[in-house]
Structure formats: structure tokens, C-alpha cells
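# Generate a structure from the sequence data that follows.
(one chain, ligands or ions: 1)
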Amino acid sequence: MKIETDKPLTYPFALAPLPFAYDALEPYIDAATMRVHHDKHHQTYITHLNAALEGYPEWHGLSIEELLLERHGELPIAIRQTVHDQGGGHLHHQLFWEILKPGATGSRPTGTLAQAIDRDFGSFEAFKAGFVDTGARHFASGWVFLLVNPANGKLEIVSCRDHDSALLQNKTALLLNDLWEHAYYLKYQSARVDYLKAFWNAVNWEHVGRRLESALAVKAQPERANKKFSHSVR
Ligand code: MN3
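Here you go, the predicted model:
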């Protein structure tokens with residue numbers, strides 16, 4: 001699965017600042033969770049990813065997407081699983097911060113995204129219910145995604161275990177929510193459903209909409225899709 005974010009960097013990977021204050025998503029996602037999630041959990045994935053790659057300079061010029069997807073099968077076996085786990089953790093969180101936004105209560109998709117959601121799920125309300133249900137039923141740690149298949153523009157809701165989204169082939173992530181307990185346990189404890197419902201107050205639908213249009217534009221211009229070192233999603 002393609003994740004792509006606005007930060008196409010290479011080794012040594014670094015933690016970008018959170019694009020808003022830690023308490024900006026209160027009361028839906030609390031400041032204490034945001035601080036430990038961004039500063040500790042995400043940073044730890046990056047630290048372990050860099051440590052794994054340190055002794056392999058021939059791999060230092062690649063983006064995280066190339067390490068996880070295009071070139072992953074060529075990585076030395078000694079670091080292949082670590083790059084999958086820690087690199088997946090880095091990439092998923094990088095996109096997660098991008099699709100969050102303070103003050104989003106009541107906002108909803110517009111334009112092409114709104115039309116695609118209505119077409120494939122029946123309504124925005126039905127989509128949200130399906131996303132919450134998939135996230136609630138997912139067993140153990142992982143992520144729930146809204147994906148688009150760029151080949152036909154069709155949307156779908158999928159969850160993956162741990163950081164295994166790279167196994168979801170030929171799809172592009174538009175929206176994701178974190179199902180690891182570190183994402184919600186301080187505030188919601190075992191009430192994962194309440195966290196999943198509160199998430200709708202913190203989604204940056206403009207950014208999700210731009211991601212759909214970008215994914216569809218790549219399909220319309222195959223020469224761009226084949227350009228190996230292009231990472232822009234906008
Ligand atoms: Mn997390």
C-alpha cells in the first residue's frame with residue numbers, strides 16, 4: 001500500500017514537529033496522549049529505524065516508502081523485518097499527524113471525496129459507521145484505513161495488524177486511525193469505540209480530499225506514477 005506523506009526524507013530519519021499544540025485536539029484526543037504518542041512512541045520508531053540502517057550506508061539515500069515497498073525485498077535479511085516494523089511505525093505516524101486538525105468538529109468531506117464516499121458507502125454517516133466498526137472489531141494492535149484503488153477509484157475500509165500495511169498491495173492510504181492502545185488508553189482505557197467516534201472531531205478532510213485527488217491524478221498520468229523518486233502528494 002502506498003502511504004506517502006508530505007515529508008519525503010531519507011536517513012537519518014527525523015521527527016517533524018507536531019503541526020499544532022499538544023492540547024489542540026482536546027477533549028477528543030488529550031494532550032498527555034498526544035505528547036507521549038508523538039514525542040516518545042513515534043520518536044522510538046525513528047530511533048530504532050535509524051539504528052538498524054546505520055551500518056548499511058548503501059541504503060541511506062532511499063525514502064521510507066522505497067525502504068518499505070519498492071526495495072524492501074532487496075534489503076539485507078538482518079534488517080528487513082526491523083525496517084518493516086520500525087519504518088512502518090514511522091511512516092504511519094507521519095501520515096497520522098498530517099490528517100489530524102484542531103477545530104474539525106462538524107466538518108465533512110467535500111467535492112470528489114464526498115462523491116466517492118457517497119458512491120461506495122451510501123453516505124458519509126454510513127462510511128463513518130463502517131470505519132468505526134472495522135476499527136472496533138480489529139483484534140490487537142494495528143491501523144484502520146480508508147484506501148483508494150487508483151486503478152478504478154474505488155474506496156474501501158481495511159484494517160491491518162501492527163505496521164503491516166505494506167502487505168496491502170496496489171492501494172493508496174487516504175485516511176488512517178491508530179488502533180494501538182498507546183493512541184487512546186490514557187483517556188479512553190478499554191473504550192476503543194469511544195475513541196474511534198471522537199476521532200471524527202479531529203480529521204482534516206481538506207487534506208484527505210487532496211490525497212484522493214493526487215492518487216487519481218497519478219493514475220491519469222502514468223509517467224508520473226513510474227517516476228521512482230517522486231514523493232509529492234500535492
Ligand atoms: Mn501510534
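
# CA atoms for contacts and neighbours, from now on please.
Noted.

# L147 versus N170, what's the distance?
10 Å (C-alpha to C-alpha, to the nearest Å).

# Kindly report the same for A78.
31 Å.

# Comparing these two, which residue is more hemmed in?
Between A78 and L147, counted using other C-alpha atoms under 10 Å, the more crowded position is L147 (24 against 9).

# Give me the phi and psi angles of that one.
phi -110, psi 160 (degrees, to the nearest 10).

# quick one: the strands in the chain?
Here the chain has its strands, by DSSP state E, at 142-149, 154-161, 172-178.

# got those strands as TSV, with distance to A215 and mean pLDDT columns?
Listed next are the strands of the chain as TSV, based on distance: least, C-alpha to C-alpha, whole Å; pLDDT from 0 to 100:
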stretch	distance to A215	mean pLDDT
strand 142-149	8	96
strand 154-161	11	96
strand 172-178	7	97
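
# now the longest helix belonging to the chain: how far from the chain's centre is it?
Ranked by residue count and defined by DSSP state H, the top helix of the chain is helix 205-220. The chain centroid and the centroid of helix 205-220 are separated by 14 Å under C-alpha atoms, centre = their mean, to the nearest Å.

# Which strands and helices lie in contact with that helix?
helix 111-121, strand 172-178, helix 222-225 (3 or more C-alpha pairs under 8 Å, 6 or more residues apart in numbering; DSSP states H and E).

# can we see that at 6 Å?
Contact here means 3 or more C-alpha pairs under 6 Å, 6 or more residues apart in numbering; DSSP states H and E; on that basis helix 205-220 packs against no helix or strand.
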